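Chemist: After the sequence you'll find the predicted model.
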Amino acid sequence: MSECPHVPELPRPEPAALSDTCPECRAVGSHPVQLRLCLVCGHVGCCDSSPYRHATSHYATTGHAVMRSYEAGESWRWCFVDETIV
């Protein structure tokens, strides 16, 4: 993992998840694949393997650069700007 300039800017402690699943998927009746947690605001979105790619859409809309896996047993983080695991 590498450090990017966006990690030090993250709130501490990390924000609480705003939902237990991807609310956008729930709204359209889709089943999310692999959830992601925005480390800026706590939004939960589905990954790019899901049909709607809501985590990436959240980044595109908000500019919130860093997310982490919201799957049990996983703790890796991804920076959308630097396109790297951080």
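Modeler: It's in. Model, not experiment: these values are computed from the prediction.
Chemist: C-alpha only now, for contacts and for neighbours.
Modeler: Noted.
Chemist: Just the buried residues of the longest helix seen in the chain, please?
Modeler: Determined from DSSP state H, the single longest helix within the chain is helix 54-62. Using 16 or more other Cα atoms under 10 Å as the test for burial, helix 54-62 gives 54, 55, 56, 58, 59.
Chemist: And the pLDDT for the residue of the chain most remote from its centre?
Modeler: Largest separation from the mean C-alpha position in the chain: residue 29, at 19.9 Å (Cα atoms, centre = their mean). We have a pLDDT of 96 for residue 29.
Chemist: Wasn't residue 37 part of a strand?
Modeler: Yes. Checked against DSSP: H, G, I helix; E, B strand; the rest coil, residue 37 lies within a strand.
Chemist: my guess is it meets residue 69, correct?
Modeler: Yes. Using Cα atoms under 8 Å, residue 37 is in contact with residue 69, at 6.2 Å.
Chemist: Give the residue from those two that has the larger number of neighbours.
Modeler: residue 37 (28 against 20; other Cα atoms under 10 Å).
Chemist: Not counting sequence-adjacent ones, nearest residue to that one?
Modeler: Spatial nearest neighbour of residue 37, excluding adjacent residues (Cα to Cα, 6 or more residues apart in numbering): residue 44 at 4.7 Å.
Chemist: Let me know the pLDDT of the one you found.
Modeler: 98.
Chemist: so it sits right up against residue 16, yeah?
Modeler: No. Applying Cα under 8 Å, one finds residue 44 not in contact with residue 16, separated by 9.9 Å.
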